[in-house]
Every structure is written in C-alpha cells, then in structure tokens.
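> my questions are about this predicted structure, shown below with the sequence.
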Amino acid sequence: MGIFVLFFRFDIISNKGILKMENFILQEHKSDKYGPRTYHNANSADLTVAFAVDLHTAGEVLTHKAAGDRYIGFQLTDETTSLELARQLYRKMKSMNAKSLNIAGNGIYTLSKHNCSQQFINEFVYDVLSRVHEHLPIEKIVSGGQTGVDIAGAVAAKKLNIPAVITFPKGFMQRFEDKRDIFQTKEAVEEQINYWVNALVPSNERKAKNTI
C-alpha cells in the first residue's frame with residue numbers, strides 16, 4: 001500500500017460516468033469545529049461504523065462517545081479482510097435492525113502513517129459495504145466528510161447509489177497529510193468525491209485484472 005498524495009487540482013477532473021444523484025447531499029454544519037458535526041452524524045444514523053488503524057485517537061474516542069452503544073469499531077491490520085468485517089457488520093445491523101450507517105474512522109493524516117492510501121481505504125470500505133448491501137440493503141449513509149474513511153464512505157455510497165448526506169464542518173473543512181485544516185467550496189469537495197468514484201475498482205475487477 002503506497003501513500004497517495006492528495007494535493008492536486010480536482011477542478012480539472014472529468015465527471016464522466018458519475019451518476020448525478022439528487023439524494024446525494026453535501027452540506028456544511030453551522031460550526032467550523034469537528035466535534036459538533038461528529039455528534040450530528042452519530043445522531044443521524046442507526047449505527048456508527050468506524051474503520052481505523054488507531055481507534056484511540058481523539059477523533060475516534062469522540063465518535064464512540066457520540067454514538068454510544070449504537071457503534072461498532074473495526075481495528076484495521078495487515079490481516080484484516082473486507083469479507084470478515086462485512087460479516088461482522090451484517091450481524092450487527094441485523095441484531096439492531098439498522099437501516100442507516102454513519103461511516104467514520106481515521107483521516108488520511110493518520111492512515112498515511114501506516115502506508116494506507118486514500119485509494120486503498122476507498123476500495124476497502126466499498127468492498128465491506130457492497131457485500132453487506134447485497135444481502136441487507138443499506139437505506140442511507142452519512143459521514144463527516146473528512147479525508148480518509150469519511151470520504152471513503154461517501155465514495156461507496158455514490159458508487160452503490162445509496163442515498164447519502166455528507167456533513168462537513170462549516171467551510172467544507174478537511175485535513176490532509178500535513179495536518180492543516182483547509183476550507184473549500186462545495187463544488188471542490190464534490191469534484192474530489194467524483195474523482196475517487198471514477199478511480200474506484202471493485203474487488204472482483206481487481207482480482208480479474210491480477211489473474212494471469
């Protein structure tokens with residue numbers, strides 16, 4: 001897994017092939033702090049699902065606190081498989097009768113320290129959610145719009161045509177590998193998500209490509 005640098009111009013990316021979805025909403029919270037939108041998202045879904053290489057960061061601790069017992073956290077290691085996590089998530093959703101998910105987890109500034117790129121986490125989260133969605137339809141996805149897992153959740157939702165609401169801090173704020181918070185336009189983050197949707201390769205296509 002190589003580290004993928006996210007600093008490039010999304011305004012030159014073509015959106016060819018991206019489905020325009022009226023039920024895919026990008027919005028900003030009234031607060032420019034991360035905490036309020038964390039609570040907002042946790043309260044907007046039946047179950048919060050956290051994917052993290054480190055479940056003990058300040059952000060992950062707050063996410064768990066906000067979600068309470070409507071939470072499942074997945075520790076990502078080199079041995080973790082998307083099939084294993086899909087089975088666990090399916091069982092958790094069935095037990096709670098959960099129909100909507102808040103996708104949360106580490107930002108790219110944490111993931112990249114473990115050689116986990118945005119491309120990789122996009123495809124991993126997609127693989128998990130697509131497996132679950134095939135057998136237990138997910139009716140709605142929400143996320144906080146942060147780089148890393150949050151954006152991976154948005155990408156998966158758009159790829160799978162699942163209604164989604166992505167709530168960023170005010171100013172559509174995100175944090176990248178240099179740990180600096182940047183403010184941007186709604187159009188810029190939409191271009192970013194569309195870029196990653198176009199770049200996403202489902203697991204069955206990745207396997208076919210690697211087959212001799």
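Cool, the structure landed. Not measured: the values here are computed from a predicted model. Numbers count the residues shown, from 1 in each chain.

> from now on I want contacts and neighbour counts done on CA atoms only, so please keep to that.
OK.

> which secondary structure elements does the longest helix along the chain contact?
As assigned by DSSP state H, the longest helix anywhere in the chain is helix 118-135. When contacts are defined as 3 or more CA pairs under 8 Å, 6 or more residues apart in numbering; DSSP states H and E, helix 118-135 packs onto helix 82-96, helix 149-159, helix 186-199.

> would TSV of the ones you listed with mean neighbour count be doable?
As requested, the helices and strands packed on helix 118-135 are arranged in TSV below (neighbours: other CA atoms under 10 Å):
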stretch	mean neighbour count
helix 82-96	16
helix 149-159	27
helix 186-199	18
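
> as TSV, these with mean pLDDT would be great.
Listed next are the helices and strands packed on helix 118-135 as TSV, based on pLDDT from 0 to 100:
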stretch	mean pLDDT
helix 82-96	98
helix 149-159	98
helix 186-199	97
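
> residue 122: which of those helices is closest?
With CA to CA as the criterion, residue 122 lies closest to helix 149-159 of the helices and strands packed on helix 118-135, at 4.3 Å.

> after that closest one, which helix or strand is next?
strand 164-168 (DSSP states H and E).

> show the backbone phi and psi for residue 182.
Main-chain torsions, residue 182, degrees, to the nearest 10: phi -120, psi 150.

> isn't it up against residue 173?
Yes: using CA atoms under 8 Å, residue 182 makes contact with residue 173 at a distance of 5.4 Å.
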